[in-house]
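Peer 1: The sequence and its predicted three-dimensional model are supplied below.
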Amino acid sequence: MTGVDLRAATLADADAWVALRTALWPDLPAEEARTEIASMAEDPALGTFIAWEGGRAVGLVEASLRAYADGCGPGPVGYVEGWYVVPDRRRSGIGRALVAAAEDWARSKGCREMASDALVENAVSHAAHGRLGYAEVERVVLYRKDL
């Protein structure tokens with residue numbers, strides 16, 4: 001992973017941060033993403049890291065501290081809330097380095113476990129998690145109803 005700079009995100013990275021978040025979550029409007037990161041950057045229970053290569057933002061991980069996560073012991077538990085690498089840089093070690101940074105951040109906050117999730121149909125994410133040592137805990141189907 002020569003030439004990749006991994007660092008904690010700050011508000012100075014807002015444009016890149018928004019671009020990566022909206023690539024990860026395409027239904028997230030850019031202005032909403034920008035509003036969210038304004039508060040996220042100041043929250044000590046959230047850790048965000050961006051990977052840079054040649055001045056280009058190529059990956060993102062957003063992590064949080066949770067009191068509880070399925071399959072984990074008593075909290076706090078580090079949680080991978082979002083993880084994204086641009087398509088042309090996948091399988092290069094950037095994703096692994098981002099998750100390692102999130103794990104180190106969680107460890108520094110007193111966590112002994114890290115958790116994550118993926119949509120049931122996202123087999124690529126399942127495989128990536130497995131390669132990083134994450135074990136599947138359970139599968140859940142969520143429901144909703146308009147009232």
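Peer 2: That came in fine, so what should we check first?

Peer 1: show me where this protein has strands.
Peer 2: With DSSP state E as the criterion, the chain has strands at 4-8, 46-53, 56-66, 77-85, 114-115.

Peer 1: quick one: buried residues of the first one?
Peer 2: Neighbour counts over strand 4-8 (16 or more other C-beta atoms under 10 Å) mark V4, L6 as buried. For every residue, glycine as well, the C-beta is placed using N, CA and C.

Peer 1: same thing with the third one?
Peer 2: Using 16+ other C-beta under 10 Å as the test for burial, strand 56-66 gives A57, V58, G59, L60, V61, E62, A63, S64, L65, R66.

Peer 1: re the thing from before, for E138, which of the strands of the chain is the nearest?
Peer 2: strand 114-115 (11.5 Å; C-beta to C-beta).

Peer 1: What helices and strands are in contact with the closest one?
Peer 2: Contacts defined by 3 or more C-beta pairs under 8 Å, 6 or more residues apart in numbering; DSSP states H and E place strand 114-115 against strand 77-85, helix 94-108.

Peer 1: So what's the gap between the longest one and the chain middle?
Peer 2: Averaging C-alpha positions (C-alpha atoms, centre = their mean, to the nearest Å) puts helix 94-108 9 Å from its chain's average.

Peer 1: got it, and the first one?
Peer 2: From the chain centre to the centre of strand 77-85 is a distance of 3 Å (C-alpha atoms, centre = their mean).

Peer 1: and R96, how many neighbours?
Peer 2: 15 (other C-beta atoms under 10 Å).

Peer 1: ok, it - contacts?
Peer 2: R131, L132 (C-beta atoms under 8 Å, 6 or more residues apart in numbering).

Peer 1: Find me the pLDDT at it, would you?
Peer 2: Per-residue pLDDT puts R96 at 96.

Peer 1: And it, how far from E121?
Peer 2: Distance, R96 to E121, using C-beta to C-beta, to the nearest Å: 23 Å.

Peer 1: returning to that earlier point: just put the helices and strands packed on strand 114-115 in CSV and tack on distance to R139.
Peer 2: Converted to CSV, the helices and strands packed on strand 114-115 look like this (distance: least, C-beta to C-beta, whole Å):
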stretch, distance to R139
strand 77-85, 17
helix 94-108, 21
